[in-house]
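> Whatever this is, show me its structure:
(one chain, ligands or ions: 1)
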Amino acid sequence: MSLSITRFVLLALAISWMHLFTAWPLPAQEQPALSPRDKLVVETILRLKEFKLETNPVAKESVLRYLRAQAGSDQYFELIERFRPAELAEELLQFCLSHAEDSKGARGAAVLVAMGQTEQLQQLAQANDAVQAVAAVRLLGHAAGKDLPRIMVPLIISAEASTEVRSAAIIALGRSIVGQRELLTLVSKNQLDDQLKFAAANVLLSSSESTIAAEAGKYLELPATADRQPLPTIAELVQRRGSVDAGSQIFRTPGTCINCHKLQTEGREVGPDLSTIGSKLSREAMYVAILDPSSAISHNFETYAALTDEGTVITGLLISQTDDEVTIRTSEGIDKRIDRASIEEMKKQPKSLMPQDLQRLMTVQQLVDLVEYLLTLRTANSGQ
Ligand code: HEC
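Below you'll find the model as predicted:
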């Protein structure tokens, strides 16, 4: 390339750059979701090793607009990891909360913690909204590192937190070996409520530290299955594969699932319709939903218990309520209408209406077959 052409190219580049980083009045109408200019600015910045976003307000505006339009993309993460723009903390938090179960949430959580948002997450973990609280606990589990015990132990032993939040806190704590030791201490001092033992057993018995697993084995065991074999940990179960056809039978007969769940037109409507459950839950989440239902109660399927003035307790799902009447659906699928005036007390229960011990109806292989089958139940457009 001759010198004059090189000069020309450099000059052209310089001009285009001036355009990028100096105020360039934009047309008055609304911004498109992702303007080509913002994209160009972002791509240029990503190629520069050193770039101070704070000293270039125009470029910064472009970056913020771009980030808002591209949440979750690779470039989004590159940019927020590098610049951590405080203006986006709230949006990043919301993004992570809705991705708490996937790797994007985990990646974003690390940035949140680096931006000093740990306390915000901790507050959410104690909030009343169970879905948000569980999501916040999961995010902390991915990012809080050495602070995990300090954050999670109080939650696990808290009398106020729900079983779901506490189970999630156990899994989060178990992400570090130090955390596993803390959990083991809670177990050995008998400070763990019974409904949390399944979650704790899964974490500790599958520890990569054989001493932790062995010590935990003195205090905890997984429940027995139909052939009296103890249940393997969920970490082991997810490695196995089963027969879809056999699983379909198990759902309908020994498993009794059909008594409470609908599949298309079959089944009873006590629990959620499972016709497309394979699109919603991962293999691991499916095992947890079946084996430890109280650790992840589906939204709108919380159990209530109503004590009437005659001293009877009616337990089930709250189907409807008016000023005069409350309808509760029992685990047999029967809707009971109760006069509100006769209710002495009505309380949300920490337990799922789904039985906690369904594994005893199945052998390990049958359980694996059942999950294999459930994973094939998908929405038409999500593929097999
Ligand atoms: C006595 C009724 C009952 C029986 C029997 C029962 N379930 Fe459930 N199930 C429920 C209820 C109620 C919920 C919602 C509360 C919860 O999430 O724990 C639920 C939730 C679920 C969920 C989570 C659904 C979601 O949308 O997240 C799955 C998966 C599930 N059940 C699978 C099964 C399987 C498989 C069986 C058979 C082995 C079974 N259930 C047996 C009542 C039941």
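
> Can you tell me, leaving aside adjacent residues, what's nearest to Q195?
Spatial nearest neighbour of Q195, chain neighbours left out: T163 (5.2 Å); criterion: C-beta to C-beta, 6 or more residues apart in numbering. C-betas here are computed from N, CA, C, even on glycine.

> I meant to write I212 there.
Q180 is the one closest to I212 (C-beta to C-beta, 6+ apart), at 5.2 Å.

> Around the ligand, pick out the residues from the chain.
Counting by C-beta under 6 Å from any ligand atom, the chain comes close to the ligand at 255-257, 259-261, 270-272, 277, 280, 286, 289-290, 293, 297-298, 301, 331, 352-355, 358, 370.

> care to break the chain down by domain?
With domains defined by automatic domain parsing, the chain comprises 32-216, 234-297+355-382, 303-319+326-348.

> Adding mean neighbour count and mean pLDDT, write those domains out as JSON lines.
Rendered in JSON lines, the data for those read as follows (neighbours: other C-beta atoms under 10 Å; pLDDT from 0 to 100):
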{"stretch": "domain 32-216", "mean neighbour count": "18", "mean pLDDT": "91"}
{"stretch": "domain 234-297+355-382", "mean neighbour count": "17", "mean pLDDT": "92"}
{"stretch": "domain 303-319+326-348", "mean neighbour count": "14", "mean pLDDT": "89"}
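
> Relative to T225, which of those is closest?
domain 234-297+355-382 (5.1 Å; C-beta to C-beta).

> I figured the residue nearest to I212 hits L205, correct?
No: applying C-beta atoms under 8 Å as the test, Q180 and L205 come out as separate, 10.6 Å apart.

> ok so, going back, can you flag which of the residues of the chain next to the ligand belong to strands?
In this view, the residues of the chain next to the ligand have no member that belongs to strands under DSSP state E.

> taking those one by one, which sit in helices?
I277, K280, M286, A289, I290, L370 (DSSP state H).

> give me every residue that touches the last one.
If you count contacts by C-beta atoms under 8 Å, 6 or more residues apart in numbering, L370 has them with G242, G247, I250, F251, G255, C257, I290, M362.

> Closest one of those residues to L140?
Taking C-beta to C-beta as the measure, L140 lies nearest I290 of the contacts of L370, at 26.1 Å.

> By residue count, tell me the biggest strand in the chain.
Counting by DSSP E, the longest strand found in the chain is strand 313-321.

> Partner strands of it, with direction?
Paired strands of strand 313-321, with direction, are strand 303-308 (antiparallel), strand 325-329 (antiparallel) (DSSP bridges).

> Alpha carbons of it, as CSV, please.
Extracted C-alpha coordinates of strand 313-321, given in CSV (Å, rounded to 0.1, in the frame of the first residue of the first chain):
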residue,chain,number,x,y,z
VAL,A,313,-58.7,-28.8,59.7
ILE,A,314,-59.1,-28.7,55.9
THR,A,315,-55.9,-28.7,54.0
GLY,A,316,-55.4,-28.1,50.4
LEU,A,317,-55.0,-25.6,47.6
LEU,A,318,-56.8,-22.3,47.8
ILE,A,319,-59.0,-22.3,44.7
SER,A,320,-61.1,-19.2,45.3
GLN,A,321,-62.1,-16.9,48.1
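
> Name the surrounding residues that touch that strand.
Contacts of strand 313-321 (C-beta under 8 Å, 6+ apart): 270, 301-308, 326-331, 335-336, 338, 340, 349, 353.

> do the same with stretch 129-149
Against stretch 129-149 from outside (C-beta under 8 Å, 6+ apart): 96-98, 100-101, 105-106, 108-110, 112-113, 118, 121-122, 124-127, 151-152, 155, 161-162, 164-165, 168-169, 171-173, 175-176, 178-179, 182, 296-297, 299.

> In which helix or strand does the closest residue to the ligand within the stretch 51-200 of the chain reside?
Closest to the ligand within the stretch 51-200 of the chain is E164: 9.3 Å, counting by C-beta to the nearest ligand atom. Under the criterion of DSSP states H and E, E164 resides in helix 163-173.

> which element follows that helix toward the C-terminus?
Next along the chain after helix 163-173, taking DSSP H and E as the criterion, comes helix 177-188.

> With only the CA atoms kept, save that following helix in CSV.
Extracted C-alpha coordinates of helix 177-188, given in CSV (Å, rounded to 0.1, in the frame of the first residue of the first chain):
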residue,chain,number,x,y,z
ILE,A,177,-16.2,-26.9,50.5
VAL,A,178,-16.0,-24.4,53.4
GLY,A,179,-19.8,-24.1,53.1
GLN,A,180,-20.2,-27.8,53.1
ARG,A,181,-18.3,-28.0,56.4
GLU,A,182,-20.5,-25.3,57.9
LEU,A,183,-23.6,-27.3,56.8
LEU,A,184,-22.1,-30.4,58.3
THR,A,185,-21.7,-28.6,61.6
LEU,A,186,-25.4,-27.6,61.5
VAL,A,187,-26.3,-31.2,60.8
SER,A,188,-24.1,-32.7,63.5
